[in-house]
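Trainee: Sequence below, structure please.
(chains A and B)
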Protein chains: 2
Amino acid sequence: MTYRAPVSDITFCLDHIVGFDRVQAASTFEEATTDVVQAILTEAGRICEEVIAPLNRAGDLHPARLENGVVRTSPGFAEGYKAIAEAGFLAISGDPEYGGMGLPLTVTTAVNEMIGSACLSLELNPLMTQGQIEALEHHASDAIKDLYLPKLNTGEWSGTMNLTEPQAGSDVGALTTKAVPNEDGTYAISGQKIYISWGDHDMTENIVHLVLARLPDAPKGTKGISLFLVPKKIPDEKGNPGVANSLSVVSLEHKLGLHGSPTCVMQYDGAQGWLIGEENKGMAAMFTMMNNARLGVGVQGLSIAEAAYQQALEFAQERKQGRSPVENGTGTILDHADVRRMLIEMKAEVFAARAMALDLAVSLDLAKTGDAAAKARAALLTPIAKTYGTETGIKLANMGIQVHGGMGVIEETGAAQFARDVRVTAIYEGTNGIQAMDLVGRKLMDGGTAAFALIDEIEAAGHDTVSAMAQELRRTTEHLLTLEPNDRFGGAVPYLMAFARVLGAHYHAKAAESGDKTRQALAQYHLTRLLPEAQGLMAQARCGAEGLYDLSADDLAA
Amino acid sequence: MTYRAPVSDITFCLDHIVGFDRVQAASTFEEATTDVVQAILTEAGRICEEVIAPLNRAGDLHPARLENGVVRTSPGFAEGYKAIAEAGFLAISGDPEYGGMGLPLTVTTAVNEMIGSACLSLELNPLMTQGQIEALEHHASDAIKDLYLPKLNTGEWSGTMNLTEPQAGSDVGALTTKAVPNEDGTYAISGQKIYISWGDHDMTENIVHLVLARLPDAPKGTKGISLFLVPKKIPDEKGNPGVANSLSVVSLEHKLGLHGSPTCVMQYDGAQGWLIGEENKGMAAMFTMMNNARLGVGVQGLSIAEAAYQQALEFAQERKQGRSPVENGTGTILDHADVRRMLIEMKAEVFAARAMALDLAVSLDLAKTGDAAAKARAALLTPIAKTYGTETGIKLANMGIQVHGGMGVIEETGAAQFARDVRVTAIYEGTNGIQAMDLVGRKLMDGGTAAFALIDEIEAAGHDTVSAMAQELRRTTEHLLTLEPNDRFGGAVPYLMAFARVLGAHYHAKAAESGDKTRQALAQYHLTRLLPEAQGLMAQARCGAEGLYDLSADDLAA
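Mentor: Model (predicted):
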């Protein structure tokens, strides 16, 4: 398949949907002129089309492998990574004081979308590093920042995040990795971490791990967790990679997808680590990284949604099959109403997912300029954009297979790879169930202020169909607020998806105002065919946990 | 994972939902006493649990491979196949005159469900043979029946169906394989066929291909297609496999799933074939096979739905994670509302899919006894059961992965294999889009008589919630009948899924009448959370093709 970077679609969203000009108007981002942003997007598009996309299939066919304790990456990945690093894509939103470009996260988000469409398994590497840069900027000491951030911004070194342990997945508080103070102020880290994306590889001269661990006598649960920086090679006096640290890769996972991305079991045996932030405040520091990563993972779903759409359309345009049911048809399956339904639905979903991701990115950028309302909006949008983005990626990869017919399950076409690669995005960085619990739990702890503000905004746009559904969303939200948390959780995922449907309709209605015929057709599709789903979803949401605990494990197994 | 055959759930459906006693009361099926049926289901359950299920992972890890022109099957598959054949499972519904048991298709359907849960890639082999037995019983000459049916019923020989060619997929009429008459009344078959499931293997001494081909000067399109029987080895005078026929396996496909099932590209080079049925009437004969296969493929979706549910429940019961949100919880993730929501939804969907498959099977059996209404009902239910069964398999395999969290994408758990294996079921035997077009096209050509009869039946059951939705389904059906075929096609898939939702609710409401607490809870779940989806689906259905042709290929690509 030939990937075509959707720079003009991204630009349309920035200009007409998410109000990127508000970010550009802030003094924090005065460098982010339209010319600069366009230049970056265009160059990113070119690199993704020409350099990164051709690597995708090789990553699937020739997975990263562990040889004598070292991870060897898929053919061409090192060159692809180098192109990303040298173009400065790791540094787009980094602090200029440490080699970053200081540009909005919105720009990073747009670039990441394209890299992910081109090769998702490779894109996961810079995504982790970008998150680490953000975490270190916020929480690390000046010495650590001086030493590590320039290397991470250039991509000379890459970053990982180490949370999960075999007994501590979604329940991070159960982790047992230990950190014992050394005499020199550093710590000895010991324990095993699993699911460490890009935990080792041969593309950079050093790898920097952020590891959650417990100090001796730390309180139980999440309140006793601290964050440590643990480099693979300990930097020498000059800041170059020195002696090897006491850590190793135990094994790689055999995964459904993302074969090009090594998922490591990491072993720390008294490895030297540096405390990041305060003792026992590791979760807060880690959340800085995770919130960015949640947007980033939502974008991964968008990436695959776009790529699957492009491939399905390309296939449909070429595949001759059956007597055309329409006059003056093309003779391809594109003449068939059901194939058109699938393709238009895919295009409509891609637009909504992109608008949502960029909307969240803009909110995060505005929050950085001190806008408190934007901060609350970003917090609300984070679980929605993560979940809707990834569910859309999964759905569209699946629809892409269907458009291909029998060819869809033949691995050579690549349609199936999209479905395999994107599946984990609904799980990592907090499962979509966890995201939905976050939305109806923590994010409604303000009494619904942020949610109602967003619903107000949607209603104020004045589109009757969308407003009517927004009003039902308001009533559903009010109902959830009357419930105990665990009752809300029983309807949390459908509630989140309903919210996403209403938001998507809002973006589409806005896009239709541009007068563009295609955007109007997509909006019409969304409002008449997809938005009505929100009603069924809200019916589910209002059920809460009603009846969910009536059956015992034995009843379920009977 | 440990597969546990759901014999009691199947029996419940037979006794309380689908009226299997009506089949048993017919003189055609007087052998199908409750004792006989129970004995077969119990034995099938045992074989599936003990012999077949242990093969499933090996089939995935060690795909069938082509060696020197011969397909070598996955480890243990030959023994598994032998167990199925020796238990007589190929012959359950075969004509007793040719070694069959003469039992209802309903019994075959129930047994196939269990084999498919245990190992879907292996189950596809007997499914093809069963379809071939049915086709030959209806269309072959006595000489062919005498020679082939006993071998197929015992499973000594297996059967395939050869429709697809590279340029002729859903559009079977475009096929070009040639059949030239020989002087002895046989035909020389030449051409290439693709996607031939179990086109070759080492588990039986002979393989019998049913091949669609064109006679010289045959009319264009589907009206010029004839059906031929082409054995791998031509039977000698004694009916034993003799000399090799002129056919070969060119290659095997690399597929997303079903690795244990060899998908062959078959080459026929003047292979000797025997005409089945009349010249140029091959499509009618093939449809006999395909209609059974459509039920069979719907059941494959059910098989994976059940297996995925069982595995997800087993995992949830063992996985300790997080502080329990409920008092006196189990300490496992089963305490979490969202996990319970997923598991209960899975169980509710499995029930509906099973009830629908068995309902269709019973209708087909009653049709065999001369019941015209049952025949029309079966014709209507076929595309619905095929599509809903397979979509449910895909959905539940996906939910099963989600319940597993990170473990879901690790291949060793098997959760991902279910998702990979089931995906093709929405495509083969007529894509689900084709099924939906069949439903709103051919199956409404009676002016809606069969559809309205089924809706009448649902309303007559007198459950208010279900009746209200059935009335909306009636109105939607009436609306579709006012549309041109291609306009109906634009909303065909959502219409089919809405029909399935209403039917599923009907089965659940019926099950709740049993007074069983679990069945009532599942019914409550379906009626309050899943049935409301039908409204959104019907809104889509009523849109028809509205707007779908407003965008050109260039608009879609822009």
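Trainee: Need the nearest residue in space to residue A:234, chain neighbours excluded.
Mentor: Spatial nearest neighbour of residue A:234, chain neighbours left out: residue A:242 (5.0 Å); criterion: Cβ to Cβ, 6 or more residues apart in numbering or on different chains. Using the backbone N, CA and C atoms, a C-beta is placed for each residue, glycine as well.
Trainee: so where does that neighbour fall, helix or strand?
Mentor: Using DSSP states H and E, residue A:242 falls within strand A:241-244.
Trainee: Moving C-terminal from that strand, which element do we reach first?
Mentor: Per DSSP H and E, the first helix or strand lying C-terminal to strand A:241-244 is strand A:247-252.
Trainee: So what are the sheet partners of that next one and their directions?
Mentor: The pairing partners recorded for strand A:247-252 under DSSP bridges are strand A:263-276 (antiparallel).
Trainee: near chain B at all, the helix or strand that the partner strand is followed by?
Mentor: Next in sequence after strand A:263-276, counting helices and strands by DSSP H and E, comes helix A:282-318. Yes. Helix A:282-318 is in contact with chain B by Cβ under 8 Å from any Cβ of the partner chain, via A:313, A:317.
Trainee: Name the residues of helix A:282-318 that are buried.
Mentor: The neighbour-count check on helix A:282-318 (16 or more other Cβ atoms under 10 Å in any protein chain shown) flags A:282-283, A:285-286, A:288-313, A:315-317 as buried.
Trainee: Stretch A:73-93 now?
Mentor: Under 16+ other Cβ under 10 Å, the buried positions of stretch A:73-93 are A:73-74, A:76-78, A:80-81, A:83-85, A:87-93.
Trainee: ok, now stretch A:128-139?
Mentor: By neighbour count with 16+ other Cβ under 10 Å, stretch A:128-139 contains the buried residues A:128, A:129, A:130, A:131, A:132, A:133, A:134, A:135, A:136, A:137, A:139.
Trainee: need the contact list for the closest residue to the fourth one other than its chain neighbours.
Mentor: Nearest-residue entry for residue A:131: residue A:289, 4.2 Å, with adjacent residues in sequence omitted and distances by Cβ to Cβ, 6+ apart. Under the criterion of Cβ atoms under 8 Å, 6 or more residues apart in numbering or on different chains, the contact list for residue A:289 reads A:131, A:132, A:134, A:135, A:161, A:210.
Trainee: Could you list the low-confidence segments of chain A?
Mentor: For chain A, applying pLDDT under 70 flags the ranges A:1.
Trainee: Return the residue of it that is most distant from the centre.
Mentor: The outermost residue of chain A, judged against the average C-alpha position, is residue A:327 (43.3 Å), by Cα atoms, centre = their mean.
Trainee: Surely that one is within a helix?
Mentor: No. Secondary structure of residue A:327 (DSSP: H, G, I helix; E, B strand; the rest coil): coil, not part of a helix.
Trainee: any idea which element residue A:161 lies in?
Mentor: Here residue A:161, judged by DSSP H and E, is contained in strand A:157-162.
Trainee: what are the C-alpha coordinates of that strand, in CSV please?
Mentor: Output of strand A:157-162 as CSV, limited to C-alpha atoms (Å, rounded to 0.1, in the frame of the first residue of the first chain):
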residue,chain,number,x,y,z
TRP,A,157,19.1,8.3,23.6
SER,A,158,15.5,6.9,23.9
GLY,A,159,13.2,6.5,26.8
THR,A,160,10.9,3.9,28.3
MET,A,161,8.4,3.7,31.1
ASN,A,162,8.4,0.8,33.6
